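Participant: just the structure for this:
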Amino acid sequence: MTTATIEPRVTVGDGLRQTLTLAWRTIVQVRHNPWELGDYSIQPIMFVLLFTYVFGGAIAGSTGDYLTFALPGIIVMNMLFVTMYVGTGLNTDLTKGVFDRLRSLPIARWAPLAGRILADQVKQAWSIFLLLVVGMILGFRIGTNLAGLLAAVALLLTFALAFSWVSVLVGVLAKDPERVQLFGFTALFPVTFVSNVFVRTDTMPGWLQAWVKLNPVTHLADAARGLMVGGPAADSVVWSLVWAAAIVAVFAPLSVYALKRRV
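Facilitator: Prediction:
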């Protein structure tokens, strides 16, 4: 008589611990890929310096005024690009068979994906902190209070968490990590630049303003400015959360379905 092998049940607590372990694995991999560290550390600092000191005087009249306007928007833009590393890392694990090996272990089935998304949140927090420090060194000042700053950071991390599902879907569908990066440059550059990240909406042609006002990047940039610098923020915060919920509602089911089909 044979006895059936019963797989050990993974509890929610076990799954959370496994998620933290896999998130740490993703974070420490950065030391083997210094270019990634440069992308979410050096590159955004270069954007701040170049736009502030090359274009700031022409756009806003002074570099200080422009830095106050542009830094929250640059943080938003950088946040969107950093989320692409979720898809790049996931695609690398899928194409090299790492994801299959992880799922063959007695761990929660959702832990590998959750760990990668959690690691992205840590990278996002680091990028936001780094840009704020650099901005303050250059003269940027919080015009509200600590609660406003923390609310802005929480909103940015919430939107990053939602937008990570877009990156997950691209990472699952793409044939290789290079195609994930290609999507980031091809799709995100128009979305971020055709917004009010770098210039005010009312300085643009009327036909372009209509798109800019609908752009979720514009709402998020306005919300970050309002919470960090001061000014109206409530409507922009609400619209940012609505966009985040809509992105999750559309892309999370599609990502899970595509991942199940691939693995």
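
Participant: in the chain, which spans are strands?
Facilitator: Here the chain has no strands by DSSP state E.

Participant: give me the pLDDT for residue 9.
Facilitator: Here the pLDDT value assigned to residue 9 is 69.

Participant: separation between residue 111 and residue 21?
Facilitator: Residue 111 is 8 Å from residue 21, where distance means Cβ to Cβ, to the nearest Å. Backbone N, C-alpha and C define where each C-beta goes, glycine included.

Participant: one more: residue 71?
Facilitator: Distance check for residue 71 against residue 21: by Cβ to Cβ, it reads 35 Å.

Participant: quick check: end-to-end length of stretch 97-115?
Facilitator: Taking Cα to Cα, to the nearest Å, the first and last residues of stretch 97-115 lie 17 Å apart.

Participant: scratch that, stretch 228-241 is what I was asking about
Facilitator: 17 Å.

Participant: need the contact partners of it.
Facilitator: Counting by Cβ atoms under 8 Å, 6 or more residues apart in numbering, stretch 228-241 makes contact with 68-69, 72, 142-144, 148-149, 151-152, 155, 158-159, 216, 219-220, 222-223, 225-227, all of which sit outside it.

Participant: okay, buried residues for it please.
Facilitator: Neighbour counts using 16 or more other Cβ atoms under 10 Å place 228-229, 233, 236-237, 239-241 of stretch 228-241 among the buried residues.

Participant: more neighbours, residue 111 and residue 21?
Facilitator: A count of neighbours by other Cβ atoms under 10 Å puts residue 111 above the other of residue 111 and residue 21, at 24 against 12.

Participant: quick check, the more buried one in contact with residue 25.
Facilitator: No - between residue 111 and residue 25 there is no contact, the gap being 10.9 Å when judged by Cβ atoms under 8 Å.

Participant: got any ranges where this protein has weak pLDDT?
Facilitator: Where the chain drops to pLDDT under 70, the residues are 1-10, 34-36, 263.

Participant: ok, 50 please
Facilitator: 1-7 (pLDDT under 50).

Participant: which residue ranges of it form helices?
Facilitator: Secondary structure of the chain (DSSP state H): helices located at 12-28, 34-39, 42-50, 56-60, 63-82, 84-95, 98-104, 111-138, 146-173, 177-183, 189-193, 206-214, 216-228, 234-262.

Participant: quick one: buried residues of the fifth one?
Facilitator: Neighbour-count burial for helix 63-82, with 16+ other Cβ under 10 Å as criterion, is recorded at 63-64, 66-82.

Participant: so it versus helix 146-173, what angle?
Facilitator: Regarding helix 63-82 and helix 146-173, their directions subtend 40 degrees when assessed with axes from the mean of the first three to the mean of the last three Cα atoms, to 10 degrees.
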